[in-house]
Each structure stands twice: as C-alpha cells, then as structure tokens.
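Visitor: coordinates only, sequence not included:
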C-alpha cells in the first residue's frame, strides 16, 4: 500500500481517508486483543506485583497512606483504586490487574488521537503500531503495578494540553473548557502516576512558549491558576508520600546497583552512560529493536516536529529530559519499567521521523527503514499469540505443595520467590504452617549447612526461583541430611520436599 501512491506528509485538515482509519482500527484491535490475551491468561503473580498486592490485600484504605511493606512504593491514587477493586470484586489476580489492563487498552485510541494532532493519517498509524504492539505494554498491562497507568496519563495529559491550547497545525483555537479538563486531570493525575509530574512540567513549558509567542500577550491568569493548582497538588503529594519514598534506603540502594541513576554530565564516563542508556531505551522500554536505526529515526522526528511546532516538540521531549534530571538527583530511576511512560513519546517522534524519510527522494530509504523497524513488534506479537510472556509458575508449584504437604511440615522459601509464596499460601491451605525466608547470597555448602541446621528431624519444603548456584548448594546439603520425597519445577522455579527425620 505504501508504495502505490505518495503519502500525504502534510497534516490533513479534511476528512480522514477510510482505508487508513480501518488500518488504525485494525492495529488497535490487535493491540487490545493481545492485552486481553495476556490478562486472561492469568499468569502467576511475579515477585514485585505480589509484594505490592500483599500491601493492598492486608491493609485498610487508611493503612495504604502509610509507608508500604516489602520495600514497595506506588502512587496513593493507584493504591486506593486497587483496594476499591478488590473490595468489590474480591482478592484475585484478575481483580488486581483489572486497572492496568483497562488503562493500557484506553491508551490506544487516545494515543492515536494525539498522533493525529501532529501527523497525517499514515504516519499516525505507523506511530500507533509501535505502541500497540510493544511487548512491554503487553507485559505490564497484565501486572498488578502502576506502569500502564503511567502510560495512559502521559497520553491523556498531552492530548488535553493540545486541545486546551489549540493547535495551529490543525487550525483549532484554545478552549477554556479544555483548560479546565486539563487542570483537573493534571491535579488528580499526580496522585495516580509518579512521572505525571514530568509531563505536567513539560506542558507548563509548552504553555509558557505559546503565551510568549502570542501577540498581544494576554490571558495569562488562567494558565497561571492551572499551574498553581498542579504545584499545590504535587506539594501535598510530596509531603504525604513522595518525600519518604524518595528517601527510601532500599530504593536508593536497589536502583543504584542497577545503574539506574544518571550521573551528572561532567566526565567522559558520564557521557558514555547517557549514550548507552539512550540506545537502551529503544530496546528495553520501547521494544523497537534495531536500536541504532530506531535512534536515528527518532532524532529525525524530533527535528521534523521541532521545525513545525517548537512548543509541541518540547512538550513531547521534555518529560524524558525531566526524568533524566530527576535521575541525576537520585529522585527517579531512569530504567526499565519506570520509563515505560516514555513509549508513546518515542513512538510519536518515530512516526514523525518517517514523515521526513518519506519526503521526496528519501522515500525508498523510508520504506526500507520502516520494514526493518516493523520486524520486532510484528515478530514479538506473532510469538505471543500462542502463549504470553510468563515469568514464573509459582501458583502451580504452591498448589502442589498444598496437595502434598503434611500438617507438621515446614518451609524454606528463597528470597526471590517469598512474596509470591506469601500471596498464594492462603489460597492453598498453607497459611498456618511456618515458613522461613531464605537469605540471598548463600552459595556455599557450608553456608547452607548452617542455614538448614534447625530442620534436622523434620520434614521441610524448599522453594527456589532464579538462583541456580544457591539451589545447587542447598540441594547438595539437603541430600546429605535426608531423603528427597517430592520435587517439581517449572521455568526457573523449583520445589522439593525432604524428609530429615
């Protein structure tokens, strides 16, 4: 289709063409179907989501305003709505993941409408593909965490900003009603998404530029009122929750070890960090593949949109810059799931980059580049049609323990699978049996001899996840101490029962 006739690289002001509308709907349908498939497959709860879920289940609404257990942190608004859902629908994986999957689905049509504010239909569809068929979007829509809500609010706030301020590319005027909607959504959004603050900061810069370029410079009162409302909401949120979360020693240590805090750009080593993480974000968060080519198209798109509407380009790029600034200050890790919210921003710029590549004699280059970048999302989607991305099978293993345990059994649960075990133990009748949380970092036979000394003369179940060295050393010691009477494994998860009597 792309090769039969020239694409319209100028934004259309008339009615959209039916074939491109149908293609956009088809892409959305695939994206929604894959999200529902991941959700309905009902994967076992992972370590992080079960650690957060235990807080939501065991605490009252008021209790969720206090520092969370299990080294967890999440926006207060997200915790409240999660608690409301399980209060109404009951404690189940489907209930805990309902908000993320709805958010991920709603983001798709809203994202396409946002793209259409800057791009003509063909390139809006291209941008839509890279968000709709992003494997990380599939994964986290079926995860009881807030990251899909981050994506939805990023798209919603930017779309409302464009509607409120008007769009000269579309010939639309500023809207007071739109400004009210933006004000309310922004003030509330801060409570549901941590990176919403970065997006609102970028929108503030966009509004300031629009006002500065206006002749005459009038109408400053309303935008200032909106900004003050956002600042007040953020200030209260910071005092209530963000302050203690940003000072969490565990979070600081964990993300520092993951190299997620950006260094101040003062040395060659620091610049190398920025270079490596710039390319990594195209693969780790945005799932584009061919990160060098993705980066090139992205940069071309930034330049193309900046020439057309500087304020809009800045509104889309500045959330990434502000997140990096927060990372330099050790307030926001710039890594993996925490930067999932940048995916729609990158996708728009990639779509804009193809506008540039499809102009004039560059068209052949654009077609080749597009074919290469479509390989990863299409191939990943095809691969997950048969079976979604599964992290563990702890639910099935804990159910086996529930069917085969004795009333006086004890449990040794390795650190990495302790929270999923805690989440599922009640469901399979193991709530009253003692469980010891295994330590990380024990890789020696001597270390496990000391660790298991208290189990002599008893029957004990051991559970391991993603720890082959520890597992091997532990099983070697237990084989010397007694008889293995049951074992099962799935993926990287392993359980065994030893009779040490």
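Guide: Done, it's in. These numbers come from a predicted model, not from an experiment.
Visitor: on the three-state scheme, residue 340 is what?
Guide: Under DSSP: H, G, I helix; E, B strand; the rest coil, the three-state class of residue 340 is helix.
Visitor: no, scratch that, I was asking about residue 489
Guide: Once three-state DSSP is applied, residue 489 turns out strand.
Visitor: mind pulling up the pLDDT for it?
Guide: You'll see residue 489 listed with a pLDDT of 85.
Visitor: do residue 390 as well
Guide: At residue 390, pLDDT is 88.
Visitor: then the one 5 residues further on?
Guide: For residue 395, the model assigns a pLDDT of 92.
Visitor: do residue 213 as well
Guide: Confidence at residue 213, expressed as pLDDT, is 73.
Visitor: endpoints of stretch 122-140, how far apart?
Guide: Distance between the two ends of stretch 122-140: 28 Å, counting by CA to CA, to the nearest Å.
Visitor: ranges for the helices of the stretch 51-200 of the chain?
Guide: Remark: helices assigned in the stretch 51-200 of the chain by DSSP state H, counting those that start in this stretch are 76-89, 93-96, 98-116, 121-132, 135-141, 147-165, 176-189, 196-212.
Visitor: please tell me how far the residue most central in space within the chain sits from residue 343.
Guide: Centroid check for the chain by CA atoms, centre = their mean gives residue 147 as the closest residue, at 3.5 Å. Look at residue 147 and residue 343: by CB to CB, to the nearest Å, they are 10 Å apart. For every residue, glycine as well, the C-beta is placed using N, CA and C.
Visitor: please apply the same query to residue 164.
Guide: The value you get for residue 164 to residue 343, if CB to CB is used, is 23 Å.
Visitor: neighbour count winner among these two?
Guide: Neighbours were counted for residue 164 and for residue 343 using other CB atoms under 10 Å; residue 343 has more, 26 against 22.
Visitor: and the residue lying farthest from the centre of the chain, what is it in contact with?
Guide: Largest separation from the mean C-alpha position in the chain: residue 501, at 47.2 Å (CA atoms, centre = their mean). Contact analysis of residue 501 by CB atoms under 8 Å, 6 or more residues apart in numbering lists 457, 458, 459, 482.
Visitor: nearest to residue 393, of the residues you listed?
Guide: residue 459 (23.1 Å; CB to CB).
Visitor: and the closest one, how many neighbours does it have?
Guide: 18.
Visitor: quick one: secondary structure of residue 484?
Guide: Under three-state DSSP, residue 484 falls in the strand class.
Visitor: residues in a beta bridge with it, which ones?
Guide: Residue 484 forms beta bridges with residue 498, as assigned by DSSP bridges.
Visitor: so it touches residue 494, yeah?
Guide: No: taking contacts as CB atoms under 8 Å, residue 484 lies outside contact range of residue 494: 11.7 Å.
Visitor: quick revisit: and the residue farthest from the centre of the chain, how far from residue 487?
Guide: Taking CB to CB, one finds residue 501 at 18 Å from residue 487.
Visitor: check residue 130 too.
Guide: For residue 130, the distance to residue 487 - CB to CB - is 44 Å.
Visitor: which of those two has more residues huddled nearby?
Guide: Counted by other CB under 10 Å, residue 130 and residue 487 do not tie: residue 130 has more neighbours, with 25 against 13.
Visitor: nearest residue to that one other than its sequence neighbours?
Guide: Spatial nearest neighbour of residue 130, chain neighbours left out: residue 347 (4.3 Å); criterion: CB to CB, 6 or more residues apart in numbering.
Visitor: and residue 449, by the same measure?
Guide: Closest to residue 449 by CB to CB, 6+ apart is residue 477, at 5.5 Å.
Visitor: so who does the one you found touch?
Guide: With contacts defined as CB under 8 Å, 6+ apart, the neighbours of residue 477 are 445, 448, 449, 452.
Visitor: buried ones only from these, please, as a ChimeraX command.
Guide: Burial among the contacts of residue 477 is assessed by 16 or more other CB atoms under 10 Å; the matching ChimeraX selection reads:
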select :448,452
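Visitor: and which of the contacts of residue 477 is nearest to residue 260?
Guide: Of all these, residue 260 sits closest to residue 448, with 31.6 Å by CB to CB.
Visitor: roughly how far does the closest one sit from residue 31?
Guide: From residue 448 across to residue 31, the span is 47 Å (CB to CB).
Visitor: likewise for residue 271?
Guide: Distance, residue 271 to residue 31, by CB to CB: 36 Å.
Visitor: and what of residue 113?
Guide: Residue 113 is 15 Å from residue 31, by CB to CB.
Visitor: those two: who's more crowded?
Guide: residue 31 (27 against 14).
Visitor: gap between the helix or strand where the more buried one lies and the chain center?
Guide: Counting by DSSP states H and E, the element that carries residue 31 is helix 18-41. Put simply, helix 18-41 sits 19 Å off its chain's centre (CA atoms, centre = their mean, to the nearest Å).
Visitor: buried sites along it?
Guide: Neighbour-count burial for helix 18-41 flags 20, 23-24, 27-28, 30-32, 34-35, 37-39 (criterion: 16+ other CB under 10 Å).
Visitor: from those residues, pick the one nearest residue 358.
Guide: Closest approach to residue 358 among the buried residues of helix 18-41 (CB to CB): residue 20, at 14.1 Å.
Visitor: sec struct for residue 278, please.
Guide: helix.
Visitor: what about the contacts of residue 477, which are in helices?
Guide: Counting by DSSP state H, the contacts of residue 477 place 445, 448, 449 in helices.
Visitor: can you redo those residues as JSON lines with distance to residue 374?
Guide: Listed next are those as JSON lines, based on distance: CB to CB, whole Å:
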{"residue": "445", "distance to residue 374": "51"}
{"residue": "448", "distance to residue 374": "50"}
{"residue": "449", "distance to residue 374": "55"}
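Visitor: between these, which is closest to residue 433?
Guide: Distances from residue 433 to the ones in helices among the contacts of residue 477, taken by CB to CB, are shortest for residue 448, at 21.3 Å.
Visitor: once you drop chain neighbours, what's closest to the closest one?
Guide: Closest residue to residue 448 apart from its sequence neighbours, by CB to CB, 6+ apart: residue 477 at 4.2 Å.
Visitor: hang on, that neighbour in a helix?
Guide: Yes: with three-state DSSP as the criterion, residue 477 is part of a helix.
Visitor: quick check, pLDDT for it.
Guide: Predicted confidence (pLDDT) for residue 477: 90.
Visitor: please name the residues that touch residue 462.
Guide: The contact partners of residue 462, taken as CB under 8 Å, 6+ apart, are 411, 412, 413, 414, 474, 475, 478, 495, 496, 497, 498.
Visitor: domain parsing of this structure, as residue ranges.
Guide: 18-386, 394-499 (automatic domain parsing).
Visitor: low pLDDT regions in the chain?
Guide: 1-15, 214-219, 466-468 (pLDDT under 70).
Visitor: switch the cut-off to 80
Guide: 1-16, 169, 171, 210-220, 246, 440-441, 443, 465-470, 491-492 (pLDDT under 80).
Visitor: distance to residue 372 added to the helices of the stretch 51-200 of the chain, as CSV?
Guide: What follows is the helices of the stretch 51-200 of the chain, written out as CSV (distance: least, CB to CB, whole Å):
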stretch, distance to residue 372
helix 76-89, 37
helix 93-96, 37
helix 98-116, 21
helix 121-132, 13
helix 135-141, 17
helix 147-165, 25
helix 176-189, 36
helix 196-212, 30
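Visitor: tell me which of the ones you listed lies nearest to residue 299.
Guide: Set against residue 299 and scored by CB to CB, these come closest in helix 121-132, at 15.5 Å.
Visitor: go ahead and confirm residue 408 touches residue 459.
Guide: Yes: between residue 408 and residue 459 there is a contact at 7.0 Å, judged by CB under 8 Å.
Visitor: re earlier: which one of the ones in helices among the contacts of residue 477 is nearest residue 91?
Guide: Among these, residue 448 lies closest to residue 91 (CB to CB), at 34.6 Å.
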